[in-house]
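Undergrad: Only the shape, not the letters, is given here:
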């Protein structure tokens, strides 16, 4: 097997293990908070939101920093540092005694991990340009697949071994993924001290088409915002479709999984397609597909209809993220790749956190169906940016 393919498979495995470990925590977080002495349901919900969001806040700030350090000291080293830190943090969360301990640990997790901001440039830089779309699509598939399996595994583990031991198992999974990363052979040579010390303004000025990069960042923000303004309250929407059902959680899980399953199924396929016809075309078509499929979601009358539409939406997601990452590889010199992937991660996390907050307020004031129209409008505008700024050639 060629070395670059071996690197891609190892990174994909590490992404799967890490994503599965980290996504285990979401279903049991409110229950763990309750076990720490928070009894009132309103307080439990408030603390769960705070604990969950803290990770994204610091990730948005520190992702470019870790990306920049990966350019200077090597991507493999930074990936190892990130997953080892994730393991240590999860052992710490398993030993938390009060809820504010979780808040602090989640802040530290986002500030000092940054696995994706370092793994993405590693996969990108070690893959030949003509195969970069496939490689990034496969990496995305591993990440999404882990996120799908994680909540099921976390729910089972929390009932089987308890909350604290589940965190210990997650920490062990992260450390295991670091062992996998040891098998990577990195050909990228860290950039010189002179290029590493360049300011962000100087780096952007040195690019041939900085407007292309800003268009990519805007697309990432818009897409994540439109996705997260709907996703956190999708269960409430489903409950309104089947108010008399006793299986809301099961139905919601199936609808959520339909999008993730589609993304995992089509990620590497659409990545390979972008190698053949161009990442710009795949990105543009994915944005239009996500836009068109958002509108009918406001008019569904049964969960199965929503599940089908979310499956198609998941295919669009599978085309979006690998294409965005492929375009960054094409637009940025290798010496600054980690830094720019870090900036893109920041726009992603800002879009996720602000979209979730904004969507809640809009749903409360105007109803959930309005969110689907809002998402469609944002995606259509982003497709326009893609066509006019990024291009479709």
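TA: Happy to help now that I have it. Note that this is a predicted model, so its numbers are computed, not measured. Residues are numbered from 1 along each chain as shown.
Undergrad: does the most far-flung residue of the chain relative to its centre count as helix, strand or coil?
TA: Within the chain, residue 244 marks the point farthest from the mean C-alpha position, 33.8 Å out by Cα atoms, centre = their mean. Here residue 244 is coil, with the state taken from DSSP: H, G, I helix; E, B strand; the rest coil.
Undergrad: what about the nearest residue to residue 299 once chain neighbours are set aside, neighbour count?
TA: Excluding the flanking residues, the one nearest residue 299 by Cβ to Cβ, 6 or more residues apart in numbering is residue 369, at 7.6 Å. Glycine gets a C-beta too; all of them are placed from N, C-alpha and C. For residue 369, the neighbour count with other Cβ atoms under 10 Å is 16.
Undergrad: Check which element follows the helix or strand of the chain with the lowest mean pLDDT along the chain.
TA: Every helix and strand of the chain was ranked by mean pLDDT, DSSP states H and E. The lowest is helix 193-196, at a mean of 57. Where DSSP states H and E defines the elements, the next helix or strand beyond helix 193-196 is helix 200-206.
Undergrad: Give me the buried stretch members for that next one, please.
TA: Using 16 or more other Cβ atoms under 10 Å as the test for burial, helix 200-206 gives residue 203.
Undergrad: Show me what it is packed up against.
TA: If you count contacts as 3 or more Cβ pairs under 8 Å, 6 or more residues apart in numbering; DSSP states H and E, helix 200-206 packs onto no helix or strand.
Undergrad: Give me the below-cutoff pLDDT ranges for this protein.
TA: Applying pLDDT under 70 to the chain flags residues 1, 26-27, 41-42, 45, 49, 191-198, 232, 249, 253, 391-393.
Undergrad: Show me it divided up by domain.
TA: 1-183, 200-388 (automatic domain parsing).
Undergrad: Run the chain-centre distance for the last one.
TA: I take that to be domain 200-388. 10 Å (Cα atoms, centre = their mean, to the nearest Å).
Undergrad: end to end, how far does it reach?
TA: End-to-end distance of domain 200-388 (Cα to Cα, to the nearest Å): 25 Å.
Undergrad: switch to numbering from 34
TA: I'll keep to 34 as the first residue from here, and by that count the last item is domain 233-421.
Undergrad: The residue nearest to residue 332 is in contact with residue 328, isn't it?
TA: No. Assessed by Cβ atoms under 8 Å, residue 402 is found out of contact with residue 328, at 9.9 Å.
Undergrad: doesn't residue 248 make contact with residue 418?
TA: Yes. Residue 418 is within contact range of residue 248, at 5.3 Å (criterion: Cβ under 8 Å).
Undergrad: and the two? which has more neighbours close in?
TA: Neighbour count, other Cβ under 10 Å: between residue 418 and residue 248, residue 248 has more, with 21 against 17.
Undergrad: Next up, the contacts around the more buried one.
TA: Residue 248 makes contacts with 418, 419, 422, 423, as judged by Cβ atoms under 8 Å, 6 or more residues apart in numbering.
Undergrad: 6 Å - rerun?
TA: Applying Cβ atoms under 6 Å, 6 or more residues apart in numbering to residue 248 gives the contacts 418, 422, 423.
Undergrad: Same check on residue 109?
TA: 217, 219.
Undergrad: Centre of the chain to the host helix or strand of it, how far?
TA: Using DSSP H and E, residue 109 falls within helix 108-127. Centroid separation for helix 108-127 versus its chain: 17 Å, with Cα atoms, centre = their mean.
Undergrad: going on from it, what's the next piece of helix or strand?
TA: Per DSSP H and E, the first helix or strand lying C-terminal to helix 108-127 is helix 132-145.
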